[in-house]
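Asker: what's the 3D shape of this:
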Amino acid sequence: MNSQRAAAASPADADLDRPQWVKSIPFIAVHAAALATPFLVAPTWRLVGLAAAVYAVCMFGITAGFHRYFSHRAFRTGRVFQFLLALLGTLSVQKGVLWWAAHHRDHHRYSDGEKDVHSPVQRGFWWSHVGWILAARYDRTRMDRVKDLARFPELVFLDRFGLLVPVLFAIALFALGGLPAFLWGFFVPIVVAWHVTFSINSVAHVLGSRRYPTGDDSRNNPLLALLTFGEGWHNNHHFYASTANQGWFWWELDLSYLALRGLAVTGLVWDLRTPPPHVRAGRLPARPRSLEEDGAAGRQVGVEHAL
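Answerer: You can find the predicted model right below:
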């Protein structure tokens, strides 16, 4: 299938899928800095703790914010906390919130089909893990996919100037803790968060178990679930995507959902959507919800304008 697809593509079309190496120099440089960090500054418990804390914040911003809230609208919140979720996700340097949500919605629309933006089944591990991010084809934010989010000017601003937040954070780390905090508190956790997140696109469609028939190759992977704060229960997620929890059974640890439940106690978030018993038992409604009906359009579980 891959060879037929490559043969059918025009040279200009194929160019869109090639890595933009010059434009990707900052991406490569961040990796180099992370790899060099232990040799430049010896690790201490305090520095490792700082890296772990930043990683946890980034992972929550991506999993609870960019993924479960902005992509799937799996719970409700106020406009102020919505902005904070976008800030936390933007800190991980995975492009803008609208860009992320738009491409993720397309992934669910075409999961493991020819139009999937990052299917390892269609294009292999390299493409699904990082190749698609470096390609010119997916640079643009598909605003038609995120009309419900694009009505908030603060989200549009964060999407357009997505590097501003991590740059300011990196400057603050250097100002407060010097080179050690800058290296261990920025480069190391960011790169780890990148590849752990990317592994959901690549590994979680190849390695793991399948509880539910989803029409794609999504799989549950306990190790990835631990590293990604719950995202590794990926087959669950693809079976019924609009839930605030992805670990559906007591033995499926989902740290992001536990954090959301704690936030619900404070009133910062509410209406956490969970799978009904018939869904957990493997039975979907006769006509499964479309992506828009499932919350992507934001009509059912849209943001409130005040806390």
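
Asker: got any ranges where the chain has weak pLDDT?
Answerer: 1-12, 285-307 (pLDDT under 70).

Asker: which helix of it spans the most residues?
Answerer: Longest helix in the chain, counting residues (DSSP state H): helix 164-182.

Asker: packing partners of that helix?
Answerer: Contacts defined by 3 or more CB pairs under 8 Å, 6 or more residues apart in numbering; DSSP states H and E place helix 164-182 against helix 45-60, helix 79-90. For the C-beta atoms, the positions are set from N, CA and C on the backbone; glycine is no exception.

Asker: next, the buried residues of the last one.
Answerer: Buried residues in helix 79-90, counting neighbours by 16 or more other CB atoms under 10 Å, are found at 81-83, 85-90.

Asker: which elements pack onto it?
Answerer: helix 45-60, helix 97-109, helix 153-160, helix 164-182.

Asker: quick one on the thing from earlier: now the longest helix of the chain, how far from the centre of its chain.
Answerer: Centroid separation for helix 164-182 versus its chain: 23 Å, with CA atoms, centre = their mean, to the nearest Å.

Asker: show me what secondary structure element comes after that helix.
Answerer: Later in the chain than helix 164-182, the nearest helix or strand by DSSP states H and E is helix 188-202.

Asker: out of the buried residues of helix 79-90, which one sits closest to Pro19?
Answerer: Thr90 (23.4 Å; CB to CB).

Asker: and the closest one, how far is that from Asn245?
Answerer: 24 Å (CB to CB, to the nearest Å).

Asker: any idea how far stretch 275-283 is from the chain center?
Answerer: Put simply, stretch 275-283 sits 25 Å off its chain's centre (CA atoms, centre = their mean).

Asker: what about that stretch, how long is it end to end?
Answerer: Start-to-end span of stretch 275-283 (CA to CA, to the nearest Å) is 11 Å.

Asker: what do you get for stretch 220-239?
Answerer: By CA to CA, the extent of stretch 220-239 from end to end equals 11 Å.

Asker: that one: which residues count as buried?
Answerer: Using 16+ other CB under 10 Å as the test for burial, stretch 220-239 gives 220-221, 224-225, 227-239.

Asker: just to revisit the earlier point, JSON lines for the helices and strands packed on helix 164-182, including distance to His67?
Answerer: Formatted as JSON lines, those follow (distance: least, CB to CB, whole Å):
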{"stretch": "helix 45-60", "distance to His67": "10"}
{"stretch": "helix 79-90", "distance to His67": "9"}
